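*Asks:* Structure, please.
(one chain, ligands or ions: 1)
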Amino acid sequence: MKQRGILIVVSGFSGSGKGSLMKELLKKYADTYALSISATTRNPREGEVDGREYFFKTKEDFEKMIAKEELIEYAKYVENYYGTPRAYVEKQLEDGKDVILEIEIQGALKVKEAFPDTLLLFVTPPNAQELRRRLTGRGTETQEVIESRMTRAVEEAKGMEQYDYLIINDELDSCVYKMHEIIQGEHHRISRNRSFIQSIKEDLECNVKGEK
Ligand code: 5GP
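*Replies:* Residues are numbered from 1 along each chain as shown. The predicted structure follows:
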């Protein structure tokens with residue numbers, strides 16, 4: 001019996017390393033996971049490709065997607081819109097893939113409200129100094145953007161308790177493994193196996209009555 005995929009939200013401070021973590025997880029377990037590609041109104045960074053990192057949209061096009069209810073959720077983050085296209089996520093879940101949304105906290109909480117069985121994971125570096133080091137080391141952001149992301153991290157940290165699991169990103173490979181274990185463990189939850197339980201109950205009853 002094919003189980004429906006699990007909807008997973010991965011959040012973490014910008015610079016927490018969650019992007020590399022996702023890339024590695026998808027490379028290692030390509031048949032298990034599907035990564036949702038978000039729409040955004042922010043400008044592409046160097047090396048980013050439309051349809052791969054994001055669907056890059058104008059503000060007008062993004063607002064049309066909102067109006068047509070084509071997004072599961074959306075949020076404004078540092079002056080830009082970000083949102084999750086609905087169609088891809090629903091199709092992949094239906095096909096039994098675990099779908100990962102790499103989104104910030106406001107969006108995460110909206111998804112959890114709309115789909116209560118969503119699994120919320122929060123990725124953090126071991127400390128603040130390491131976060132600043134990673135943001136600076138990227139070399140793609142201005143000092144002003146770095147400061148606004150550090151300030152935003154202070155705000156986001158206030159919501160960490162609303163997540164289901166914490167992943168401290170100190171070493172990439174062990175983090176990828178931990179994340180995979182957590183997600184696969186979720187498949188065994190009683191609440192995710194209602195139809196199997198129903199069918200084994202019926203099977204047992206028939207077997208005891210001698211009907212085959
Ligand atoms: P960045 O500009 O660094 O790529 O992303 C900024 C923030 O927006 C990150 O925290 C990222 O996880 C979040 N984000 C990316 N896509 C979405 C989305 O579809 N919805 C929401 N709510 N946040 C998103």
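*Asks:* Phe56: how many residues sit nearby?
*Replies:* 17 (other C-beta atoms under 10 Å). (C-beta placed from N, C-alpha, C; glycine too.)
*Asks:* now do Arg152
*Replies:* 16.
*Asks:* so what's it up against?
*Replies:* Listed by C-beta atoms under 8 Å, 6 or more residues apart in numbering, the contact partners of Arg152 are 13-14, 77-78.
*Asks:* Work out for me the element it sits within.
*Replies:* helix 143-157 (DSSP states H and E).
*Asks:* Now do that helix: distance to the chain's middle.
*Replies:* 20 Å (C-alpha atoms, centre = their mean, to the nearest Å).
*Asks:* just stretch 21-33 next, same as before
*Replies:* That offset, for stretch 21-33, works out to 13 Å (C-alpha atoms, centre = their mean).
*Asks:* near the ligand at all, that stretch?
*Replies:* No. Using C-beta under 6 Å from any ligand atom, stretch 21-33 stays clear of the ligand, with a minimum separation of 9.8 Å.
*Asks:* before we move on, back to that, could I get the contacts of Arg152 as TSV with neighbour count and secondary structure?
*Replies:* Shown next, in TSV, are the contacts of Arg152 (neighbours: other C-beta atoms under 10 Å; DSSP: H, G, I helix; E, B strand; the rest coil):
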residue	neighbour count	secondary structure
Phe13	26	coil
Ser14	22	coil
Tyr77	18	strand
Val78	13	coil
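*Asks:* Using TSV, lay out those residues together with distance to the ligand and pLDDT.
*Replies:* Shown next, in TSV, are the contacts of Arg152 (distance: C-beta to the nearest ligand atom, whole Å; pLDDT from 0 to 100):
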residue	distance to the ligand	pLDDT
Phe13	8	90
Ser14	5	83
Tyr77	5	85
Val78	7	79
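*Asks:* Show the pLDDT at Lys2.
*Replies:* Predicted confidence (pLDDT) for Lys2: 72.
*Asks:* my guess is it contacts Gly96, does it?
*Replies:* Yes. Here Lys2 reaches Gly96: they are 4.9 Å apart, a contact under C-beta atoms under 8 Å.
*Asks:* These two - which one has more neighbours?
*Replies:* With neighbours defined as other C-beta under 10 Å, Lys2 and Gly96 compare such that Gly96 has more, 13 against 8.
*Asks:* Look up how far the ligand lies from that one.
*Replies:* Look at Gly96 and the ligand: by C-beta to the nearest ligand atom, to the nearest Å, they are 23 Å apart.
*Asks:* Could you measure from that residue over to Asp31?
*Replies:* 10 Å (C-beta to C-beta, to the nearest Å).
*Asks:* low-confidence ranges in the chain?
*Replies:* Residue ranges of the chain with pLDDT under 70: 1, 212.
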